[in-house]
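Student: I'll drop the sequence and a predicted model, then ask my questions.
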Amino acid sequence: MIRLCTDRDLLDMYGVITDAARAYRGVIPADRWRDPYMPMAELQREIADGVRFWGYQLGDQLVGLMGLQDVLDVALIRHAYVLTAYRNQGIGGQLLAEVRTQTKRPLLVGTWAAARWAIRFYEKHGFRLVSEEAKDRLLRKYWSIPVRQVQESVVLAESDPARWE
C-alpha cells in the first residue's frame, strides 16, 4: 500500500533513509558521505521546507519512500529510498508512479553522478539526463545544495531534456 507519510512516520522514514543510503558509502565522494547520511534534524527541515513523502507500506512496515517538492514552476523528486532487503522488487517504480499522479508540473530529479543504479532507474522510467550546462543551472535554480554537490550530481528530466537547455 502506498500512502502519504505523516509526522507519526518520522522514525520509520529515518530508518528507511539510514538503511538505504548505505548504498552511497564508498560510491559518492568521501567528502560528501556522512553517517547517518541524513540526520533526523535534516529530515525534519526537508519536511518543513515542503517535501511531502509517500511511503510504501508492507504490513506494518514502511519499506520505501519518495518525496515530492514543488519549487517555483517544477516538482522535484526528493529522497527516494527503499530498504536494502526490499530492493529490485518494483517498489521504487510503484512509488514513482504514485508521485507522478500528485503533480501536473514538470518533474526533475537530481542524484549523484556516481549513483549509476539511480540514474538507470529513472531512465528506465522515462527520465533523461540533461546537459552538463543545464544541470548546473537547474541545480542552482531549484535546489539548495553546496557547490561541491552540484559538481558531483546529475539532473534528469521527465520531459524532453532539450526543454531545459
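Tutor: Everything's here; your move.
Student: for the protein, what helix or strand is lowest in average pLDDT?
Tutor: helix 147-151 (a mean of 93; mean pLDDT, DSSP states H and E).
Student: can I get that one in CSV? Just the C-alpha atoms.
Tutor: In CSV, the C-alpha atoms belonging to helix 147-151 read as follows (Å, rounded to 0.1, in the frame of the first residue of the first chain):
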residue,chain,number,x,y,z
VAL,A,147,28.7,23.8,-4.8
ARG,A,148,30.6,20.6,-4.3
GLN,A,149,27.3,18.6,-4.5
VAL,A,150,26.4,20.4,-7.7
GLN,A,151,29.8,19.3,-9.2
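Student: which is the next helix or strand following it?
Tutor: strand 153-157 (DSSP states H and E).
Student: given that next one, what are its sheet partners and their directions?
Tutor: Taking DSSP bridges as the criterion, strand 153-157 sits next to strand 107-112 (antiparallel), strand 128-129 (antiparallel) in its sheet.
Student: what residues does the longest one touch?
Tutor: Spelled out, it's strand 107-112. By CB atoms under 8 Å, 6 or more residues apart in numbering, the residues outside strand 107-112 that reach it are 24, 27-28, 32, 74-77, 80, 99-100, 118-119, 122, 127, 138-139, 142-143, 145, 152-159. Heads up, the C-betas are built off the backbone N, CA and C, glycines and all.
Student: stretch 25-45 now?
Tutor: Against stretch 25-45 from outside (CB under 8 Å, 6+ apart): 10, 13-14, 17-18, 21-22, 24, 46, 79, 112, 114-115, 148-149, 152.
Student: which of those fall in helices?
Tutor: 10, 13-14, 17-18, 46, 148-149 (DSSP state H).
Student: now do stretch 153-165, average pLDDT.
Tutor: Across stretch 153-165, pLDDT averages out at 89.
Student: and that stretch, how far out from the chain middle?
Tutor: Put simply, stretch 153-165 sits 15 Å off its chain's centre (CA atoms, centre = their mean, to the nearest Å).
Student: once you drop chain neighbours, what's closest to residue 4?
Tutor: residue 54 (5.9 Å; CB to CB, 6 or more residues apart in numbering).
Student: just to check, that neighbour is in contact with residue 2?
Tutor: Yes: judged on CB atoms under 8 Å, residue 54 makes contact with residue 2 at a distance of 5.6 Å.
Student: pull up the overlap in contacts between the two.
Tutor: 95, 98.
Student: thinking again about what came up before, just name the most buried of the strands paired with strand 153-157.
Tutor: strand 107-112 (a mean of 21; mean count of other CB atoms under 10 Å).
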